[in-house]
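# Generate coordinates for the sequence data below:
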Amino acid sequence: MKTTLRKFRFNRGELSQQQLADLVRVSRQTIVSIEGGDYAPSVKLALLLATKLETTVEELFILEEKDYV
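Modelled structure (predicted):
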C-alpha cells in the first residue's frame, strides 16, 4: 500500500509528524511507520488521519498491484 501522508502533512502548513500524531492520539513512531510503509493503520486511524488532513482515505492510501495477491 502506498501512502501520500507526508505530502498531505506538508500541504497542511508543514505539520510535523509529532503534531499529526498528537492530533490523532498516536505516537510519532506510528506516523513514521505509516509513512515508511511499515504499518497499515486501522480503519479508525485512517479515517482520523483523513479528517485531520481534510482529505479522504482514498487520497491518503492507495492500493498497489501487489496488495491484490
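
# Quick one: residues contacting Glu59.
With contact taken as CB atoms under 8 Å, 6 or more residues apart in numbering, Glu59 is in contact with Thr4, Phe8, Ala50. Quick note: C-beta positions are derived from backbone N, CA and C, even for glycine.

# which non-adjacent residue is nearest the first one?
Pointing back at Thr4 there. Spatially, and ignoring its direct neighbours in sequence, Thr4 is nearest to Leu60 (5.8 Å; CB to CB, 6 or more residues apart in numbering).

# Please apply the same query to the last one.
Once flanking residues are discounted, Ala50 sits nearest to Val57: 4.7 Å by CB to CB, 6+ apart.

# Report pLDDT for the residue nearest to Thr4.
Model confidence at Leu60, given as pLDDT, is 97.

# Next: the one 3 residues further on.
Reported pLDDT at Leu63 in the predicted model: 92.

# shouldn't it be in contact with Met1?
Yes. Using CB atoms under 8 Å, Leu63 is in contact with Met1, at 5.9 Å.

# In terms of neighbours, single out the busier of these two.
Taking other CB atoms under 10 Å, Leu63 and Met1 do not tie; Met1 has more neighbours (13 against 10).

# list the contacts for the nearest residue to Thr3 once chain neighbours are set aside?
Leaving out its chain neighbours, the residue that sits closest to Thr3 by CB to CB, 6+ apart is Phe61, at 5.5 Å. Taking CB under 8 Å, 6+ apart, we find Phe61 in contact with Met1, Lys2, Thr3, Thr4, Pro41, Ala46.
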